[in-house]
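Novice: Predicted model, plus sequence, below.
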Amino acid sequence: MLELNVDRAAIHVGPHFTVQFERTLRIPDDGNTYPLPPSLGAFPIYRVRDYADRVPEAWNEYGGVFIPMYQREALWLSFGGSDWCPSAVKVAAGHINAVTGKRMHKKLNRTQQNYLVTPDQPWLDGINAGKGYIRQFVAMPLGGGYTVEEQLTGKAEFGGLQMIVYAPKEGIFEEPVYELPCMEEQICAYAPSAPEMGLGAGGKMEQKIYPDEYGVDVWDTSNFGEVYVHIVNSQAFHYITGHKAPSTPISAETYTDYGLPWFRLYDECVRDIAPADTLAQVKTINEVDRAAADEGAVEKPVELDEKQIVGLDLV
């Protein structure tokens, strides 16, 4: 298996793949399609084992990392690594593949592409819900019917993010002239049983999921690394680490005030794989809010205080 390493800013899987989790604006869910918003900095990454006495018991059993997010805050995945050596990457919101909308598994599909190819795909901002666009990743508490996983499986199983990274078979790409350094100690990361937050579907954003131009036979499915990323809200993060959660952008006006750009990717000549029908049917956070308001039975989620956190078996 590919060696898995972590530093405070990125996860490294093998010598040729990295991923960062970028804090960004939650774009409006108003029916319009928006270009990609910029990053306001990477979310810090923490190893579960460094806080073994403060995290849920299941996290210690399976390992992994966690990042702090505010409820209803958005993120995107920034992929990096060696330009000359691509990787095949599967990304899941909880247990749901973000490309196909099907349950996550380790097989790479030949007929319906269920993975990304990096560095050809420089980032991923959400689920593959439409032709030429995605629905933005937005952090939401489990149990309210907001997350992609809850809507497609009927239950809140895992939440968070899951990734599997595959190396190419030996001899296909040119040998490197240098190796990426090992950043820190190796971590063991597999899916836990009950993280606190998952990912819901936000507004529409212009983004293509590029087809694999190399072909599925290029990838060595026996040589992979797997990582699970837990997401905790600000109160849980403070309880676990003793640190205050990093501040977050509040609205689109924040971007305007700082003169930050929206990114438009000039990829008109690049093809796009077909959207997933199941992901296209996922209700957005605004739609779940409206349905709950109509029923008059479900309130919007609120942050938990420390006493409530203890009640969630975080000790």
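Specialist: Sure, I can see it.

Novice: For the stretch 201-315 of the chain, which residues score under the pLDDT cut-off?
Specialist: Filtered on pLDDT under 70, the stretch 201-315 of the chain yields the residue ranges 248-252, 255, 258-269, 296-315.

Novice: got the residue ranges for the strands in it?
Specialist: Using DSSP state E, counting those that start in this stretch, the strands of the stretch 201-315 of the chain run over 219-232.

Novice: Apart from its neighbours in sequence, what residue is nearest the residue positioned nearest the centre of the chain?
Specialist: Nearest to the geometric centre of the chain sits residue 161, at 4.7 Å (C-alpha atoms, centre = their mean). Nearest residue to residue 161 in three dimensions, chain neighbours excluded: residue 229, at 4.2 Å (C-beta to C-beta, 6 or more residues apart in numbering). No exception for glycine: its C-beta is placed from N, CA and C like everyone else's.

Novice: hmm, back to that, OK, contacts around the residue nearest to the centre of the chain?
Specialist: Contact analysis of residue 161 by C-beta atoms under 8 Å, 6 or more residues apart in numbering lists 77, 91, 92, 93, 199, 228, 229, 231.

Novice: can you pull the buried residues of stretch 235-244?
Specialist: Buried positions in stretch 235-244, judged by neighbour count with 16 or more other C-beta atoms under 10 Å: 235, 236, 237, 238, 239, 240, 241.

Novice: Off-centre distance for it?
Specialist: Between the centre of stretch 235-244 and the centre of its chain there are 21 Å (C-alpha atoms, centre = their mean, to the nearest Å).

Novice: Look up how far residue 168 lies from residue 221.
Specialist: Noted for residue 221: a distance of 11 Å to residue 168, by C-beta to C-beta, to the nearest Å.

Novice: who's more crowded, the two?
Specialist: residue 168 (18 against 14; other C-beta atoms under 10 Å).

Novice: contacting residues for the more buried one?
Specialist: So residue 168 contacts 85, 86, 87, 88, 214, 218, 219, 220 (C-beta under 8 Å, 6+ apart).

Novice: contacting residues for the fifth one?
Specialist: Contacts of residue 214 were listed using C-beta under 8 Å, 6+ apart, and they are 86, 117, 168, 172.

Novice: With residue 138 instead?
Specialist: 26, 72, 73, 74, 199, 200, 201, 202, 285.

Novice: Pull the number of nearby residues for the nearest residue to it once chain neighbours are set aside.
Specialist: Using C-beta to C-beta, 6+ apart and skipping residues adjacent in sequence, the residue nearest residue 138 is residue 202, 4.1 Å away. Neighbour count for residue 202, taken as other C-beta under 10 Å: 25.

Novice: Pull up the gap between residue 202 and residue 22, please.
Specialist: Per C-beta to C-beta, residue 202 is found 15 Å from residue 22.

Novice: ok, now residue 282?
Specialist: Separation of residue 282 from residue 22 (C-beta to C-beta) stands at 22 Å.

Novice: quick one: which of the two has more around it?
Specialist: A direct count of neighbours by other C-beta under 10 Å for residue 282 and residue 22 places residue 282 higher, at 24 against 19.
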